[in-house]
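[1] This is the structure alone, sequence omitted:
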């Protein structure tokens with residue numbers, strides 16, 4: 001249940017940032033967690049039936065399924081932890097993807113027709129992480145939106161420390177966020193922290209399942225031989 005909950009939370013609460021990536025890596029991770037959670041729930045139901053009916057055959061099936069899920073969670077958790085600590089094997093891929101795509105997404109798709117989800121995600125990104133532009137605020141100079149705008153904005157209003165209508169007309173450091181490394185650094189840190197959470201949850205749940213497998217083995221030994 002916890003694995004399923006984390007997967008749903010990741011997909012629902014943090015889904016705004018998915019539109020900023022051209023890869024399905026982030027959403028796929030969440031869907032994998034949700035799938036694993038569903039499998040765990042089904043496995044738990046089988047385990048309950050095996051215990052109530054005292055059938056060793058069902059108990060063996062439950063143990064095998066639990067072992068498979070356990071191994072998958074351990075692998076996923078270890079990979080996520082290694083990625084968070086040592087940036088292998090996904091860190092390079094993530095960094096390159098983000099650096100290549102975020103600037104282009106901001107410049108080509110922000111405030112464009114049919115790209116409302118991207119506009120919302122960029123505004124949320126800049127406000128939540130207190131940043132402006134992919135690498136710095138000057139990235140907005142070449143954006144389609146700024147070039148087509150009929151107002152005096154130099155950056156989106158979401159770059160402002162205190163957002164208000166047309167506040168982006170002034171790009172002075174006292175008015176807008178000028179974080180070193182821009183939003184790309186903030187987004188990379190965010191994704192790495194999510195991988196850390198997924199890894200920690202995977203290893204933690206796997207430990208509980210290991211305890212469950214030990215109890216299942218004990219129960220198996222104590223049950224009489226299944227007459228069928």
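    The structure has been received and is ready for your questions. This one's a predicted model, so the numbers in the text were calculated from it and none came from an experiment. Numbers count the residues shown, from 1 in each chain.
[2] and the lengthiest helix in the chain, average pLDDT?
    If you go by DSSP state H, the chain has its longest helix at helix 182-222. In this model, helix 182-222 carries a mean pLDDT of 78.
[3] same thing with stretch 43-57?
    If you average the pLDDT over stretch 43-57, you get 78.
[4] List the buried residues in that stretch.
    Using 16 or more other Cβ atoms under 10 Å as the test for burial, stretch 43-57 gives 43, 46, 47, 50, 51, 55, 56. Using the backbone N, CA and C atoms, a C-beta is placed for each residue, glycine as well.
[5] What is the nearest of those residues to residue 106?
    Taking Cβ to Cβ as the measure, residue 106 lies nearest residue 43 of those, at 43.7 Å.
[6] and that closest one, that's in a helix?
    Yes - when DSSP: H, G, I helix; E, B strand; the rest coil is applied, residue 43 is found to be in a helix.
[7] residues in contact with it?
    62, 65, 66, 69 (Cβ atoms under 8 Å, 6 or more residues apart in numbering).
[8] repeat that for 10 Å
    By Cβ atoms under 10 Å, 6 or more residues apart in numbering, the contact list for residue 43 reads 61, 62, 63, 64, 65, 66, 67, 68, 69, 209, 212.
[9] Okay, the closest residue to the third one other than its chain neighbours and residue 189: tell me how far apart.
    Just to be clear, that refers to residue 63. Residue nearest to residue 63 in three dimensions, not counting chain neighbours: residue 216, with 5.1 Å by Cβ to Cβ, 6 or more residues apart in numbering. Per Cβ to Cβ, to the nearest Å, residue 216 is found 40 Å from residue 189.
[10] ditto for residue 34
    Using Cβ to Cβ, one gets 24 Å for the distance from residue 34 to residue 189.
[11] quick one: which of these two has more around it?
    Between residue 34 and residue 189, counting by other Cβ atoms under 10 Å, residue 34 is the more crowded of the two (18 against 12).
[12] Distance check, the more buried one against residue 40.
    Look at residue 34 and residue 40: by Cβ to Cβ, they are 11 Å apart.
[13] Domain-wise, how is this protein divided?
    2-87+192-222, 93-184 (automatic domain parsing).
[14] Comparing those, which yields the minimum mean pLDDT?
    Among the domains of the chain, domain 2-87+192-222 carries the lowest mean pLDDT (a mean of 71).
[15] And the residue nearest to residue 217 when sequence neighbours are not counted, how far from residue 192?
    Distances taken as Cβ to Cβ, 6+ apart put residue 63 closest to residue 217, at 7.2 Å, once the chain neighbours are dropped. Distance of residue 63 to residue 192, given as Cβ to Cβ: 35 Å.
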